[in-house]
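Asker: any chance you can model this:
(one chain, ligands or ions: 2)
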Amino acid sequence: MQYQCPQCPKIFPKKSSLDAHIKRMHSEPLPATPPATPTAPPATKSKFEVKKPPKKVVEAALYECNACHAELSKGQNPCPNCGEEMNWSGL
Ligand SMILES: [Zn+2]
Ligand SMILES: [Zn+2]
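Answerer: Numbering: from 1, shown residues only. Ligands and ions are numbered 1, 2, ... in the order given. Prediction:
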């Protein structure tokens, strides 16, 4: 009767030899889980990630002629539409 090691192909003529072999060669407990791999910390959202409100499109023409109500740029004088003198000093 031969005794084969259940964990390797070695064969032993005596049970005691097999037991000794197992104790000597296979007593190391197998690691239950693979070594933990270092995991990167979860990506945290930046504190400074603040959503900015969309910039308002600045309208080019904010003023209009007092006489003809044509759109004027600030400081435009006289009115290109009617020639009226604009007084921008009051702004
Ligand atoms: Zn063995
Ligand atoms: Zn005008």
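Asker: can you give the domain ranges for the chain?
Answerer: Following automatic domain parsing, one gets these domains for the chain: 1-27, 61-91.
Asker: ligand 1 is nearest to which of these?
Answerer: Among those, domain 1-27 comes nearest to ligand 1, with 3.1 Å by C-beta to the ion. C-betas here are computed from N, CA, C, even on glycine.
Asker: tell me the buried residues in the closest one?
Answerer: For domain 1-27, burial by neighbour count (16 or more other C-beta atoms under 10 Å) applies to 3, 5, 12, 18, 21, 22.
Asker: of those, list those near ligand 1.
Answerer: Restricting the buried residues of domain 1-27 to those near ligand 1 by C-beta under 5 Å from the ion leaves residue 5.
Asker: if you look at the buried residues of domain 1-27, which of them are in helices?
Answerer: By the criterion of DSSP state H, membership of the buried residues of domain 1-27 in helices covers 18, 21, 22.
Asker: just these now: which is nearest residue 32?
Answerer: Closest approach between the ones in helices among the buried residues of domain 1-27 and residue 32, by C-beta to C-beta: residue 22, at 19.2 Å.
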